[in-house]
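> Based on what follows, work out the 3D shape:
(one chain, ligands or ions: 1)
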Amino acid sequence: MNGVAAGHSAIYPGSFDPLTCGHLDVIERAAQIFDQVLVAVVVNPQKRKPLFTLEERKAMIRDSVAHLPNVQVDHFRGLLADFVRHREAAVIVKGLRVVSDFESEMSTALMNRSLSNVDTVFLPSDPKWSFVSSTLVKEVYNLGADVADYVPSAVLHVMQAKRRAPRPAER
Ligand code: PNS
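Below is the predicted model:
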């Protein structure tokens with residue numbers, strides 16, 4: 001590869017519950033900058049119980065990045081800083097959708113650098129995707145909306161199949 005950061009590998013961490021078009025855009029752009037990009041799926045997202053299992057989340061990402069030969073998918077549990085050191089990554093990549101993202105991401109980046117000596121590179125989200133988050137996609141999906149405009153087709157197929165699957169009776 002002729003990455004700008006030749007010889008450098010980047011880790012793009014997240015919950016990816018599920019991967020959105022905004023995530024995929026960041027991965028595609030990171031894959032042009034770095035020689036290798038490892039998409040790192042956190043096993044247990046902090047916010048809430050994930051809608052998709054770890055294996056579903058990883059499979060949806062693998063299918064969505066199949067056109068990118070220098071992108072791999074793995075998972076981690078515990079501290080991102082430990083995983084980054086273990087995989088000897090040069091940088092962490094994060095996407096910034098809106099200005100408020102920067103406030104939390106800045107302190108996270110500084111903590112990760114303090115723990116691992118690895119810096120975080122921020123990629124601004126394409127404005128086309130600035131309103132698209134996994135949380136909002138799940139919310140509108142759960143309320144019956146079509147999410148085809150917001151997630152890659154591999155993700156959409158899984159979401160549509162999940163919607164068709166019988167659910168446990170709700171009280
Ligand atoms: O997609 P998300 O939910 O915004 O991703 C958040 C993630 C997984 C990148 C973050 O929660 C994380 O790094 N979790 C691992 C635990 C950790 O290292 N916490 C300390 C961060 S300074």
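> Name the residues of the helix or strand of the chain with the lowest mean pLDDT that are buried.
Scoring the helices and strands of the chain by mean pLDDT, DSSP states H and E places strand 5-14 at the bottom, with a mean of 84. Residues 9-14 are the ones in strand 5-14 that count as buried (16 or more other Cβ atoms under 10 Å). From N, CA and C alone the C-beta is placed, and that goes for glycine too.
> and what of stretch 75-92?
Buried positions in stretch 75-92, judged by neighbour count with 16+ other Cβ under 10 Å: 75-76, 80-81, 83-84, 89-92.
> got it, and stretch 57-68?
Within stretch 57-68, the residues that count as buried by 16+ other Cβ under 10 Å are 57-61, 63-65, 68.
> Identify the residues contacting it?
The contact list for stretch 57-68, computed with Cβ atoms under 8 Å, 6 or more residues apart in numbering, reads 15-19, 24, 27-28, 31, 37, 39, 41, 50, 52, 71, 73-75, 152-155, 158.
> Low-confidence regions, the chain specifically.
1-7, 47, 166-171 (pLDDT under 70).
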